[in-house]
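Peer 1: Please work out how this folds:
(one chain, ligands or ions: 1)
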Amino acid sequence: MKIARSRAELDALLSSYRAAGQRIGFVPTMGALHEGHLSLVRLARENADLVGVSIFVNPTQFAPHEDFDAYPRDEARDLAMLEAEGADFVFLPRADELYEGGFESAVKPGAAAQGLESDFRPHFFGGVVNVVYRLFEAVKPDAAIFGEKDFQQLQVIAEMVKAQGLPITIIGAPIARDDYGLALSSRNAYLSASELSIARMLNRVLFDTAAAIRGGQTEEEACAAAAERLLAEGFRSVDYVAVRWGRVLGAAWLGKTRLIDNVPIF
Ligand code: AMP
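Peer 2: Below is the predicted model:
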């Protein structure tokens, strides 16, 4: 597994593959890797000749009051996991090079970014499309894999790629869950034991909400009932439970930790 910490190193390691017409599959991450990330690496492998992963905790998608400094970082562990998974290269850009010339973004999020996450994290998708566009410019992948865990983000990226006319196939990966259905997330590391057992109710509430909608309850009623139930289960507050893209999506807080998840209705 090759490692690039600069654009020059990245170009050097990719040039012979690019010249040979090898298809590059790319998985952007913020590190603190778990089985969900590794499932994306495997899906990239199925769709490309060469698989690369980036690890970069992107400052522009965090608001000043959010957890940028506290975000878990363990480069050695991440690299060992990727090596074991058979990734071909890892790109670990430095912020000053990736954002050389300033934080101004060449691209803006489109309609998919409206509502849901943006109502609570207004800076978020601007930062995400900014960094993903820069990473795409550097890696020039043929395919890029994003998790359905961040379903709105997947839509925002697909829309951005289409709007920019980038020759990149965006592939969505199913949500990796623990034995209790909790969507794996780097932020789960923040949870205490008692918070973890409450966190495991989020997916159950969303699955039940999807079932209630299938059973004929209105989306509005079912989502309102879900928010009430999450509070009753012990969540501190609920940012939203809503239906879009045929899915029930939710975001809720346990202490200082914000969790998101979503499930299909049909
Ligand atoms: P992150 O490192 O949290 O920014 O996530 C990097 C990529 O992994 C994103 O495309 C996420 O949607 C995806 N991802 C994170 N958690 C999961 C999960 N539990 N299942 C599937 N994909 C995930």
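
Peer 1: Show me the domain layout of this protein.
Peer 2: 2-173, 186-261 (automatic domain parsing).

Peer 1: Helix or strand next in line after the helix or strand where Y17 lies, which one?
Peer 2: Using DSSP states H and E, Y17 sits in helix 7-19. Next helix or strand after helix 7-19 toward the C-terminus (DSSP H and E): strand 24-29.

Peer 1: follow-up on the earlier one: now the helix holding Y17: how far from the chain's centre is it?
Peer 2: Centroid displacement of helix 7-19 relative to its chain, using C-alpha atoms, centre = their mean, to the nearest Å, is 26 Å.

Peer 1: Averaged pLDDT, that helix. What do you get?
Peer 2: Mean per-residue pLDDT for helix 7-19: 95.

Peer 1: Begin at 8, not 1, for the rest of this chat.
Peer 2: Okay, residue one is now 8; in that scheme the one you just asked about reads as helix 14-26.

Peer 1: separation between the closest residue in space to D56 that isn't next to it in sequence and P181?
Peer 2: In this structure, D56 finds its nearest non-sequential neighbour in Q29, 4.1 Å apart by C-beta to C-beta, 6 or more residues apart in numbering. In short, each C-beta sits where N, CA and C put it, glycine included. Distance check for Q29 against P181: by C-beta to C-beta, to the nearest Å, it reads 26 Å.

Peer 1: In three-state terms, label the nearest residue to A120 once chain neighbours are set aside for me.
Peer 2: Leaving aside its sequence neighbours, A120 sits nearest to F132 (C-beta to C-beta, 6+ apart; 4.0 Å). When classified by DSSP: H, G, I helix; E, B strand; the rest coil, F132 comes out as helix.

Peer 1: Enumerate every residue touching F132.
Peer 2: If you count contacts by C-beta atoms under 8 Å, 6 or more residues apart in numbering, F132 has them with P116, A120, E124, S125, Q159, Q160, V163.

Peer 1: A120 is in contact with the fifth one, correct?
Peer 2: Yes - counting by C-beta atoms under 8 Å, Q159 does reach A120; the two are 7.3 Å apart.

Peer 1: Could you tell me the angle between the helix or strand of the chain with the lowest mean pLDDT and strand 31-36?
Peer 2: Among the helices and strands of the chain, helix 14-26 carries the lowest confidence by mean pLDDT, DSSP states H and E, at a mean of 95. With axes from the mean of the first three to the mean of the last three C-alpha atoms, to 10 degrees applied, the angle from helix 14-26 to strand 31-36 works out at 150 degrees.

Peer 1: So which other helices or strands are in contact with helix 14-26?
Peer 2: strand 9-11, strand 31-36, strand 96-98, helix 131-146 (3 or more C-beta pairs under 8 Å, 6 or more residues apart in numbering; DSSP states H and E).

Peer 1: Next step: the contacts of F132 restricted to strands.
Peer 2: Using DSSP state E, the subset of these located in strands is empty.

Peer 1: which one of those residues sits closest to the ligand?
Peer 2: Within the contacts of F132, proximity to the ligand (C-beta to the nearest ligand atom) peaks at Q160, which comes in at 6.3 Å.

Peer 1: Give the full set of residues in contact with the closest residue to that closest one other than its chain neighbours.
Peer 2: Spatial nearest neighbour of Q160, excluding adjacent residues (C-beta to C-beta, 6+ apart): V135 at 6.0 Å. By C-beta under 8 Å, 6+ apart, the contact list for V135 reads N65, Q68, P116, Q160, V163, I164.

Peer 1: swap in Y247?
Peer 2: Taking C-beta under 8 Å, 6+ apart as the test, what Y247 contacts is L123, D126, F127, A234, L256, G257, A258.

Peer 1: Which strand or helix spans it?
Peer 2: Assigned by DSSP H and E, Y247 belongs to strand 244-251.

Peer 1: A151 now?
Peer 2: Using DSSP H and E, A151 maps to strand 150-154.

Peer 1: who in the stretch 158-273 of the chain is up against the ligand?
Peer 2: By C-beta under 6 Å from any ligand atom, the residues of the stretch 158-273 of the chain that approach the ligand are A180, I182, A183, A190, L191, S192, S193.
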